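Fold the following, please.
(one chain, ligands or ions: 1)
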Amino acid sequence: MNSIQHFINGKYQDSSDGRTFEKRSPLDGQLIGRVCEGGQAEIDAAVAAARAALHGDWGRMNVAARVDMLYAIADGITQRFDDFVAAEEADTGQPHHVIAHAFVPRGAANFKIFADTIKNVPTESFRMDTPDGRGALNYSIRKPKGVVAVISPWNAPFMLMTWKVGPALACGNTVVVKPSEETPATAALLGEVMNAVGVPPGVYNVVHGFGPDAAGEFLTRHEEVDAITFTGETSTGTAIMKAAAEGIRDVSFELGGKNAGIVFADCNFEDACEGIFRSAFMNTGQVCLGTERVYVERPIFERFVAALKARCEAVKYGRPTDKGANYGPLISQEHKRKVLSYYAKAVADGATVVTGGGVPAMPPELANGAWVQPTIWTGLPETAAVVREEIFGPCCHIRPFDSEEEVAALANANRYGLSTTIWTNDLGRAHRMAEAIEVGITWINSWFLRDLRTPFGGSKQSGIGREGGVHSLEFYTELRNVCVKL
Ligand code: NAD
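Prediction:
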C-alpha cells in the first residue's frame, strides 16, 4: 500500500502529528494508500520554505536559467511518464487513453509553454518629453508576485495543477500546492522530478489534506501567501475570496460550469453527435468544460437524441487498462451519491429518461466502485435542478429549439459562463453565436481544443481572470513602473 507524504523544502515528510487519511480506489473501493493529512504546522513550514526560496538561489536565478529549469522539469515528467500515468490512473480510475494521451502530456506541456512565454515577453517603454527638454524614459518591469498558493481539484489533477505551477515558476514565484484530497499522487510524485532536475528546495511544496478548516483554508488564510490561484467549485471560490480579502491578496479562479452544447440542423450530423458525446461523457462527465445542457434544432431533434442514446449504450466500462474500456467510474462514493441524487431529482421533476439513470451491473470485483450509467433526459423545463445546477457527472438534458435568438437566450439563462460548443456549417451564424453566448470560451465544430497561448477562464460565476500564454503574467507577476529622468 502506498504512503503519500508532504513535500516541503525539498524533502518528503509525514505530518508532525502523524495524522493520515485513506485513499480508496474509485474502481472497486479498495484501500490503495494512506495520505499524510496536513494541518497548520505543515502549511506554516511549507509557506516559510517558499518564502525563504524567494530570497535564495531561485530568487537570484536569471530568466535563461529558469527557462532551462522549466524545460528540465518537462523532460523529467516525460522520463517518468509511465509513473505519472499509473499514479493518475490509480487516483481517478479513468481510461488509460485519456490520461496517457491528454492529461499527463499536458502536464509536461504546461512547463514548456510558460518557459517559452517568459523568454519572449516584451515590456513597454515610453520616451517622454519633460518641460526642461531633457526628457525621461518611462518603462515597466515584471517581478514575481512572491509565494503563490495553488489549490487544485480532482477531475484532471495533474494537468490542472501544473497549469498553475508552470506559469507561477516561470515568472519566478515559489508555490505551495494543496492538491485535492481525492487525488494526491501526481502532485507528490512531481516533487521527485523537482529534486532530480535540481529545482532549489522550497520552490515547489506540497501539503496534502482537506479544504474547509483544514490545510486548504489554512493556506488561503496564511499572511505570508501573496496570491491564490484556485480551480474548483464556485462555492469554494466564494470561501477562498473571503479568506483572500484579509491582506488584500490577488486571486485567479477557474470555477464551475453548466455549459450549453448547441446543435443546428445544418451541422455535419456525425461530427456533432461525436463532439457532443465527448463533451458530455468524457472523463465520466467530470470536466468543467463539459456539456450538461444540449439544445438541438427541432428538425434533427429526434434523430440526434437517438444517436446520442446509441453512443451512451455502447460505452465499455472497465479498469483504465482493460482492453477497449472507454468509460471509468466517478471519483468517489460521495460524488456518486451526489450524482445519483440528481438522477432521482430529474425523475421526480418529470423527466423522460432516454437512457441510463442508475448504476450499471458490474462484475463482482468492481461492484464496490463509484460507477454510474451515462444518462440522457428530455422533457424538463429550464427551471429543473438538473438543467440549472452543475452536476459534474455523465449526464445531459436535451431540448429542441427553433431559432438562434431563442437558443442564445436559453444558453445564457444561467449563473455560469464557462464554455459552449456550437455545431453548424453556416459561417455567419457561427460568428454571431460566438458573440451572443456569454462564456469564456466558445468552440465551433469542436470541443476541448485550445492553443495554450490563448486566454482561458470563465465569465459570470465561472471564474475571475484569464490564464494562458502572456495572459497568465497578469496574475503571476507584479507589473512595476520605473521612470528615469534623462
Ligand atoms: P472543490 O471546490 O470541492 O475542491 C477543490 C479544491 O479546493 C480541493 O483541493 C479542496 O480540498 C479545496 N478546498 C475546498 N474547500 C476549501 C476551502 N474552504 N479553502 C481552501 N481550499 C478548499 O472542487 P472539486 O470537487 O475538487 O472539483 C470539481 C469542481 O471544480 C467543479 O465545480 C468543476 O466545474 C470545477 N472545475 C473548474 C475548472 C475550470 O477550469 N473552470 C476546471 C476543473 C474543475
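
For Pro153, see how far away the residue of the stretch 301-450 of the chain found nearest the ligand is.
Of all residues in the stretch 301-450 of the chain, Phe392 sits closest to the ligand, at 5.2 Å by C-beta to the nearest ligand atom. To be clear about C-beta, it is placed using only N, CA and C from the backbone, and glycine gets the same treatment. Per C-beta to C-beta, to the nearest Å, Phe392 is found 10 Å from Pro153.

for Val353, same thing?
Taking C-beta to C-beta, one finds Val353 at 29 Å from Pro153.

which one of these two has more residues nearby?
With other C-beta atoms under 10 Å as the criterion, Val353 and Pro153 differ in neighbour count, and Pro153 comes out ahead with 22 against 16.

Same question for that one, what's its three-state structure.
Of the three states, Pro153 takes coil according to DSSP: H, G, I helix; E, B strand; the rest coil.

In contact with the residue sitting nearest the centre point of the chain, which residues?
Centroid-nearest residue in the chain, with C-alpha atoms, centre = their mean: Leu160, separated by 4.2 Å. By C-beta atoms under 8 Å, 6 or more residues apart in numbering, the contact list for Leu160 reads 152-153, 231, 254.

List, out of those, those positioned next to the ligand.
For the ligand, the contacts drawn from these by C-beta under 6 Å from any ligand atom are 152-153, 231, 254.

Quick one: the residues you listed as CSV, columns for distance to Gly469 and pLDDT too.
Shown next, in CSV, are those (distance: C-beta to C-beta, whole Å; pLDDT from 0 to 100):
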residue, distance to Gly469, pLDDT
Ser152, 20, 98
Pro153, 22, 98
Thr231, 18, 98
Glu254, 15, 97
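
which parts of this structure sit against the ligand?
151-155, 160, 178, 180-181, 210-212, 216-217, 220, 231-233, 236, 239-240, 254-257, 288, 390, 392, 418, 458, 462-463.

Which residue, neighbours along the chain excluded, lies closest to Thr123?
Counting by C-beta to C-beta, 6 or more residues apart in numbering, Thr123 lies nearest to Ser140, which is 5.0 Å off, once chain neighbours are set aside.

Can you give me the end-to-end span of stretch 19-31?
With C-alpha to C-alpha, to the nearest Å as the measure, the ends of stretch 19-31 fall 17 Å from one another.

Going by neighbour count, list what's buried in that stretch.
20, 23-29 (16 or more other C-beta atoms under 10 Å).

same check, this time on stretch 467-474
467-473.

quick one: pLDDT of Met1?
On pLDDT, Met1 comes in at 67.

and the next element down the chain from the helix or strand hosting Asp68?
Assigning secondary structure by DSSP states H and E places Asp68 in helix 63-79. For helix 63-79, the succeeding helix or strand toward the C-terminus, using DSSP H and E, is helix 81-92.

could you give the angle of that next one to helix 63-79?
Angle, helix 81-92 to helix 63-79, by axes from the mean of the first three to the mean of the last three C-alpha atoms, to 10 degrees: 70 degrees.

what's the average pLDDT for helix 81-92?
98.

for stretch 282-298, same thing?
On average, stretch 282-298 scores 98.

what about Val482, which SS state?
Assignment for Val482 (three-state DSSP): strand.

The nearest residue to it once chain neighbours are set aside: neighbouring residues, count only.
Nearest residue to Val482, sequence neighbours excluded (C-beta to C-beta, 6+ apart): Tyr139, at 5.6 Å. Residues lying near Tyr139 (other C-beta under 10 Å) number 14.

List the contacts of Tyr139.
Tyr139 is in contact with 123-126, 481-482, 484, counting by C-beta under 8 Å, 6+ apart.

any idea which helix or strand carries Met194?
Secondary structure (DSSP H and E) places Met194 in helix 185-197.

who does that helix touch, helix- and strand-wise?
With contacts taken as 3 or more C-beta pairs under 8 Å, 6 or more residues apart in numbering; DSSP states H and E, helix 185-197 sits against strand 2-4, strand 6-8, helix 63-79, helix 81-92, helix 157-170, strand 204-206.

Need the winner for burial among the ones you listed.
Greatest average neighbour count among the helices and strands packed on helix 185-197 goes to strand 204-206 (a mean of 30), per mean count of other C-beta atoms under 10 Å.

going on from that one, what's the next piece of helix or strand?
That would be, after strand 204-206 and using DSSP H and E, helix 215-221.

tell me which residues of stretch 386-400 are tucked away?
386-400.

Please disregard the earlier target; I meant stretch 427-434.
Within stretch 427-434, judged by 16+ other C-beta under 10 Å, the buried ones are 430, 433.

Repeat that for stretch 400-418.
Here stretch 400-418 shows 400-401, 404, 407-408, 410-412, 414, 416-418 as buried, counting by 16+ other C-beta under 10 Å.

Ends of it, what's the gap?
22 Å.

chain center to that stretch, what's the gap?
Distance, stretch centre to chain centre, for stretch 400-418: 24 Å (C-alpha atoms, centre = their mean, to the nearest Å).

neighbouring contacts of it?
Stretch 400-418 is contacted by residues 234, 255-260, 262, 288-289, 293, 295-298, 301, 382, 388, 390, 399, 420, 429, 432-433, 436-441, 458-463 when judged by C-beta under 8 Å, 6+ apart.

Dump stretch 133-144 to PDB, keeping only the CA atoms.
The C-alpha trace of stretch 133-144 is given here as PDB (Å, rounded to 0.1, in the frame of the first residue of the first chain):
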ATOM      1  CA  GLY A 133      13.700  69.500 -22.600                       C
ATOM      2  CA  ARG A 134      15.800  66.700 -21.200                       C
ATOM      3  CA  GLY A 135      13.100  64.100 -21.400                       C
ATOM      4  CA  ALA A 136      12.600  60.900 -19.400                       C
ATOM      5  CA  LEU A 137      12.400  57.200 -20.100                       C
ATOM      6  CA  ASN A 138       9.400  55.500 -18.500                       C
ATOM      7  CA  TYR A 139       9.300  51.700 -18.600                       C
ATOM      8  CA  SER A 140       7.800  48.700 -16.900                       C
ATOM      9  CA  ILE A 141       9.300  45.700 -15.300                       C
ATOM     10  CA  ARG A 142       7.700  42.400 -14.200                       C
ATOM     11  CA  LYS A 143       8.600  40.900 -10.800                       C
ATOM     12  CA  PRO A 144       7.300  37.700  -9.300                       C
END
